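Trainee: I'll drop the sequence and a predicted model, then ask my questions.
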Amino acid sequence: YEIGSGLVGSEMCIRDSKKCPVAKKCSGCQLSNMTYEQQLEWKQKDTEKLLGGFGKVSEIIGADDPYNYRNKVQAVFRSDRNGRIISGVYQSSRNGIVGIDSCMLDDKRADEIIVGIRELLRSFKLHPYDEGTECGFLRHVLVRVGKNTGEILVTLVGGNSMFPKKHDFVKALVKRFPDITTVTFSVNRTPEMLLLGENNEVLYGEGYITDILCGKRFRISPHSFYQINHAQTEKLYDYAIKAAKLTKKDVLLDAYSGIGTIGIIASDYVKQVQGIEYNASAVRDAVKNCHENGLTRNIAFNRGDAGEFLEKKTKLGTHYDAVILDPARTGADRKFLNSLLKIAPERIVYISCNPATQARDLKTLTKKYTVTDIQPFDMFPHTRHVETVVLLSKGEIDSKKVRVEFSLEDMDMSGFQKGATYEQIKAYVLEHTGLKVSSLYISQIKRKCGLDVGQNYNLSKKEDAKVPKCPPEKEAAIRDALKYFQMI
């Protein structure tokens, strides 16, 4: 969650020991003009503005090393006006690239591989994909690194299925970087730059890597959701599981469970774990991860809507001793929250990457629960993002009215308004259906529903350009999102 919208005062503009030469052009590290200690102080204050009305906000837990923490790196490839191949950070606002060889946030091995791929393209006389002419091959590259295992996955994403000399290219790549564990090839034909295709062709290795997180092994494929900051994730998960005060008699619900990381890690401390996740591929990964860790009896992951799942469990009289939920940026489903109040677990641990929607949801949960701990984590140093863990326990609620003050200027109000951004709609659709939808498709459905599009995504510079139409299943998913955000 990006907190704060104002400019940092000049008295705070003391650069850290490492300076980024393209900070102003890239704008990815919004707080790079501050020392790391100042960044933590800044995030602490803004988190207090958002969540302080629910209780005392503990001191933010910062990173031991705020550099080179990203285990997932993506780089876009293009040719400049002189035909020189460049790679770097994609800027969606202007559909441009900030050319870089390395970033102070990226894993160094990932950056080296991306530079190596750029050089191999030249030697193999291959070219980046050109959206205008639809010629060329490579759109972007994804590199994922297992921080504990050292395994490396490389995914080459093309604009079409034509990959000349692909086997020779991959052979040369692996020879140059022998630490690479697997290489896959994906095709993205959509207007969205950084999307992976639905299918991945395995060109080398098994098509996935493994990593160890909190003592458990996890398979990571190109599409898998896996926390980007390994060291901070271990701190966060350790804190969340301890906050839940789990015992061997407990039945735990892992809601919005993804690939099963939290549930699998927590399985050592409870009698039984049940997970619920809408994304089918994530559920398949969770099942595989159970097998990776020899878990066959006390854990199960279900595919479905979290709200509907818990609503059914409520009618069946199912009891959970503790619930850990880690929803997407849009927050928890209202049906889920209402069912959670009815099923009434002893303890709730709410992990959030968007404290604004978390604050909205806490208003519902605190009707029957008391917030006992609020712990922010700096998962993404040098950016405005922060994650928070909130513990709620049963107990008497103070009947006295509490005055809660929020800074509207610093707050993302999209979670409270009858509307949503394109990115929020995309996140909701992905979370609830596993489908990836483009801004073009969203604009088409918004127009069908009589909504203001804002930007005309249907127009093209070419008069005879073919505009892809939104498939029926994606239209239904987008309409569901629009209903959720009360836009239709």
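Mentor: Good, I have the coordinates.
Trainee: surely Leu156 meets Val143?
Mentor: No. Counting by CB atoms under 8 Å, Leu156 sits too far from Val143 to count as a contact (10.2 Å). C-beta: built from backbone N, CA, C; applies to glycine.
Trainee: and His64, that one's in a helix?
Mentor: Small correction: residue 64 is Asp, not His. No. Under DSSP: H, G, I helix; E, B strand; the rest coil, Asp64 sits outside any helix and is assigned coil.
Trainee: pull the number of nearby residues for it.
Mentor: Per other CB atoms under 10 Å, the neighbour tally for Asp64 reads 8.
Trainee: what helix or strand is the residue nearest the centre of the chain on?
Mentor: When CA atoms, centre = their mean is applied to the chain, the residue found nearest the centroid is Phe225 (6.7 Å). Using DSSP states H and E, Phe225 falls within no helix or strand.
Trainee: residues contacting it?
Mentor: Counting by CB atoms under 8 Å, 6 or more residues apart in numbering, Phe225 makes contact with Gly258, Ile259, Ala282.
Trainee: three-state assignment of the last one?
Mentor: So the one you mean is Ala282. Of the three states, Ala282 takes helix according to three-state DSSP.
Trainee: could you do the second one as well?
Mentor: At Ile259 the chain is in coil, as set by three-state DSSP.
Trainee: skip the chain neighbours and tell me the closest residue to it.
Mentor: Leaving aside its sequence neighbours, Ile259 sits nearest to Asp285 (CB to CB, 6 or more residues apart in numbering; 4.1 Å).
Trainee: distance of that neighbour from Ser221?
Mentor: 7 Å (CB to CB, to the nearest Å).
Trainee: between the two, which has more neighbouring residues?
Mentor: Each of Asp285 and Ser221 has its neighbours counted (other CB under 10 Å); Asp285 has more, 27 against 22.
Trainee: surely that one meets Arg219?
Mentor: Yes. With contact defined as CB under 8 Å, Asp285 counts as touching Arg219 (6.3 Å).
Trainee: any residues in contact with both of the two?
Mentor: Ile259.
Trainee: tally of neighbours for Ser352?
Mentor: Ser352 has 26 neighbouring residues, counting by other CB under 10 Å.
Trainee: got the phi and psi for it?
Mentor: phi -140, psi 140 (degrees, to the nearest 10).
Trainee: can you classify the residue nearest to Ile259 as helix, strand or coil?
Mentor: With three-state DSSP as the basis, Asp285 sits in helix.
Trainee: tell me who's in contact with it.
Mentor: Arg219, Ser221, Ser224, Ile259, Gly260.
Trainee: can you check the pLDDT for it?
Mentor: Looking at Asp285, its pLDDT reads 92.
Trainee: equivalent analysis for the one 3 residues further on, please.
Mentor: Confidence per residue is given as pLDDT, and for Lys288 that number is 95.
Trainee: check which element follows the helix or strand where it lies along the chain.
Mentor: Secondary structure assigned from DSSP H and E places Lys288 in helix 280-292. Downstream of helix 280-292, the first helix or strand assigned by DSSP H and E is strand 299-303.
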